[in-house]
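> turn this into a model:
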Amino acid sequence: MTAFLAALAPIALFVAALAGARRPGMRPTGVLRIAGAASLFAMAVALGIAVAVALWGPMTSPLIGAHGLGLQLRLDAVSAVMAVLVGFVGWVVLRYARNYLDGDARQGAFTGGLALTLGAVLLLVLSGNVVQLVLAWILTGLSLHRLLLFYADRPVARLAARKMFLYGRIGDLFLIAAAAAMVGAFGTGEIAAMAEILRAGETPQGVGLAAVCLAIAALLMSAQFPAHGWLTEVMDAPTPVSALLHAGVINAGGFVMVRFADVILASLPAMQILALVGGATAALASLAALAQTSVKLGLAWSTIAQMGFMLLQCGLGAFSAALLHIVAHSLYKAHGFLGAGAVIDAVRAKLGHRLRPPKLSDMVLTLGIAAVAVVGTGWAFGVTLDSKPALVVLGAVMILGLAHVMAVSLGQPGGRVLLARTALASFGLAALYFTLQLGAEAVLAGAVPPVGQAAFGTQVVMALMVALFAAVAVVQIQMPGAQAAGRWRAFGVHLRNGFYVTAIVNRVLAPKFTA
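Numbers count the residues shown, from 1 in each chain. As a prediction, the model looks like this:
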């Protein structure tokens, strides 16, 4: 019964969507009230789900269907965390949109579209059967496409929305293929039953194919290279859409990886695809984000990088870390987009401030401090390269960001004092990192496989990723000083344009999509 009650959350949002379809015009007071009440109710139900799972453990609703296929809800730690996240972000975005779209001729239609998209995402994260998951995934993509085309008279908006539609439908095909392969392999569409079979040590034939198809679908949904360009072009959509996209919908690919973590772990090729593509995308996008002159474009490239890092975590087997990343990124990015206007003045105030470029010796010193912070703190927490190599590697990548700050600080007046403070912050951040990661493992125990030892192929990928992100850190450290001195200007232009991959894709697709 509790599992069935969870369905009331997406149903309430679908009712709000119907109200918006009936009253699509300006200032539809009834629609706004219904949407506000529905989002608040959905958030309350999500909190109830979290309490129920904490008290009574995981539960699955009876199947509405036949032969193991149909509509079914799965309530566990993963769905509880995601439902609370979606409910909270959705409530905030709908409240913001009420004022943002006030006076727009199609405010009711927009509000209904937001409610429909939120309902579809909730239906997705609560899915306990591959049939429901596929249907919710497709509905999420289609409803988001309509929101991106809210200002359909803008050519850039049409191009971005239709590129997203193209990549989304290809992703749908791979997800459907994965679902078919899993049903054929396990003889059922129940997600919990699949996990139980794999954790019992059985790996039915066809699981590897399903895992690879799942990985490709996630990469397409998460705007990974080379299908990333549309995410930087949706700036013509209303700000609430950008916030909902970057803080919620874009996480669907990562959620599916976490939900099918046992399937992904059964396929080394799938994990390597996720790690290599996700890691490479994260490295490129993190550099491109630094070269942007627009706050929103910087946030968009940041989202691409964060999604790449999240999929890298999945590829290294750190699924609990990936879910923690989803939560942190969603909250940060929702705040970033909804408050983008207030940030612009602060950014402009810093323009023109030139930092002294760090010396090579400073870079080596700070990279060494970062490495000691991760390895030493990890050892204190019982996390080593032998026991949980993925957590150590991911922690090293994270601390490399602080190495950037430390190296730059050394070249400034009072740099030694700044270095000491940042070095202490590195150890503190490393301690916080391992605390959160081990805490996430404890909360998600049973719902997500624990982080463990890595196969040789995964170890090779880990070494490549550490080397790649170390190189990225060096470029990030050198770039401000080099550009201030008049060097690397051409490189900065190329980087700002993402090495023109999106421009090439647009040249092929624009004549068809903007007509």
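> please, which helix or strand holds residue 188?
Per DSSP states H and E: residue 188 is located in neither a helix nor a strand.
> wait, it sits on residue 66?
No - counting by CB atoms under 8 Å, residue 188 sits too far from residue 66 to count as a contact (11.3 Å). (Each C-beta comes from the backbone N, C-alpha and C, glycine too.)
> give me the more crowded residue out of these two.
More neighbours surround residue 188 than the other of residue 188 and residue 66, with 18 against 7 (other CB atoms under 10 Å).
> show me what the helix ranked longest in the chain is packed up against.
In the chain, taking DSSP state H as the definition, the longest helix is helix 155-186. Counting contacts by 3 or more CB pairs under 8 Å, 6 or more residues apart in numbering; DSSP states H and E, helix 155-186 is packed against helix 130-148, helix 191-199, helix 207-221, helix 501-513.
> could I get the ones you listed as CSV with mean neighbour count and distance to residue 394?
As requested, these are exported to CSV (neighbours: other CB atoms under 10 Å; distance: least, CB to CB, whole Å):
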stretch, mean neighbour count, distance to residue 394
helix 130-148, 22, 27
helix 191-199, 18, 23
helix 207-221, 25, 18
helix 501-513, 14, 26
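> out of these, flag the one nearest residue 456.
helix 207-221 (17.9 Å; CB to CB).
> after that closest one, next one along is what?
helix 239-247.
> residues in contact with that following helix?
89-90, 93-94, 96-97, 100-101, 114, 117-118, 144, 147-148, 150, 231, 234-235, 237, 296, 299-300, 303, 329-331, 333-334, 336-338, 340 (CB atoms under 8 Å, 6 or more residues apart in numbering).
> now do stretch 297-307
Under the contact criterion CB under 8 Å, 6+ apart, stretch 297-307 has outside partners 222-224, 228, 231-232, 234-235, 246, 250-251, 253-254, 278, 281-286, 288-290, 292, 325, 329, 333, 336-337, 340, 498.
> average pLDDT across that stretch?
For stretch 297-307, mean pLDDT rounds to 83.
> try stretch 379-392
Here the average pLDDT along stretch 379-392 is 80.
> how long is it end to end?
9 Å (CA to CA, to the nearest Å).
> in it, what's buried?
381, 383, 385, 388, 389, 390, 391, 392 (16 or more other CB atoms under 10 Å).
> with stretch 457-470 instead?
Quick answer for stretch 457-470 (16+ other CB under 10 Å): 458, 459, 461, 462, 465, 466, 468, 469, 470.
> repeat that for stretch 82-100.
Buried-residue list, stretch 82-100, by 16+ other CB under 10 Å: 82-98, 100.
> equivalent analysis for stretch 437-448, please.
Buried residues in stretch 437-448 (16+ other CB under 10 Å): 437, 438, 440, 441, 443, 444, 447, 448.
> also stretch 162-173?
Buried residues in stretch 162-173, counting neighbours by 16+ other CB under 10 Å, are found at 162, 163, 164, 165, 166, 167, 168, 171, 172.
> can you read off the pLDDT for the first one?
Predicted confidence (pLDDT) at residue 162: the value is 80.
> state the distance from it to residue 498.
Going from residue 162 to residue 498 by CB to CB, to the nearest Å gives 19 Å.
> and if you look at residue 286?
12 Å.
> what's the helix or strand for residue 82?
Per DSSP H and E: helix 77-100 holds residue 82.
> and that helix, average pLDDT?
88.
> could you do stretch 321-328 as well?
The model assigns stretch 321-328 a mean pLDDT of 84.
> likewise stretch 185-196?
90.
> ok so, going back, tabulate the buried residues of stretch 437-448 (JSON lines), appending secondary structure, distance to residue 212 and pLDDT.
JSON lines is the format used below for the buried residues of stretch 437-448 (DSSP: H, G, I helix; E, B strand; the rest coil; distance: CB to CB, whole Å; pLDDT from 0 to 100):
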{"residue": "437", "secondary structure": "helix", "distance to residue 212": "27", "pLDDT": "82"}
{"residue": "438", "secondary structure": "helix", "distance to residue 212": "30", "pLDDT": "84"}
{"residue": "440", "secondary structure": "helix", "distance to residue 212": "26", "pLDDT": "82"}
{"residue": "441", "secondary structure": "helix", "distance to residue 212": "26", "pLDDT": "83"}
{"residue": "443", "secondary structure": "helix", "distance to residue 212": "29", "pLDDT": "84"}
{"residue": "444", "secondary structure": "coil", "distance to residue 212": "24", "pLDDT": "83"}
{"residue": "447", "secondary structure": "coil", "distance to residue 212": "23", "pLDDT": "82"}
{"residue": "448", "secondary structure": "strand", "distance to residue 212": "20", "pLDDT": "81"}
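> and which of the residues you listed is nearest to residue 319?
residue 448 (4.6 Å).
> what's across from the closest one in the sheet?
On the basis of DSSP bridges, residue 448 is bridged to residue 445.
> these two touch, right, it and residue 320?
Yes - if you go by CB under 8 Å, residue 448 and residue 320 touch, sitting 5.1 Å apart.
> residues that sit against both of these two, list them.
residue 441.
> tell me the contacts of residue 14?
115, 116, 119.
> give me the element it is part of.
helix 8-22.
> and the angle for that helix with helix 77-100?
Between helix 8-22 and helix 77-100, the angle comes out at 30 degrees (axes from the mean of the first three to the mean of the last three CA atoms, to 10 degrees).
> so who does residue 469 touch?
Here residue 469 is in contact with 279, 283, 396, 397, 400 (CB under 8 Å, 6+ apart).
> which pair in those residues spans the largest distance?
Longest span within these, CB to CB: 283 and 396, 14.0 Å.
> model confidence over stretch 120-127, on average?
In this model, stretch 120-127 has an average pLDDT of 92.
> figure out how far that stretch is from the centre of its chain.
Relative to its chain's centre, stretch 120-127 lies at 16 Å (CA atoms, centre = their mean, to the nearest Å).
> this completes my enquiry, with thanks.
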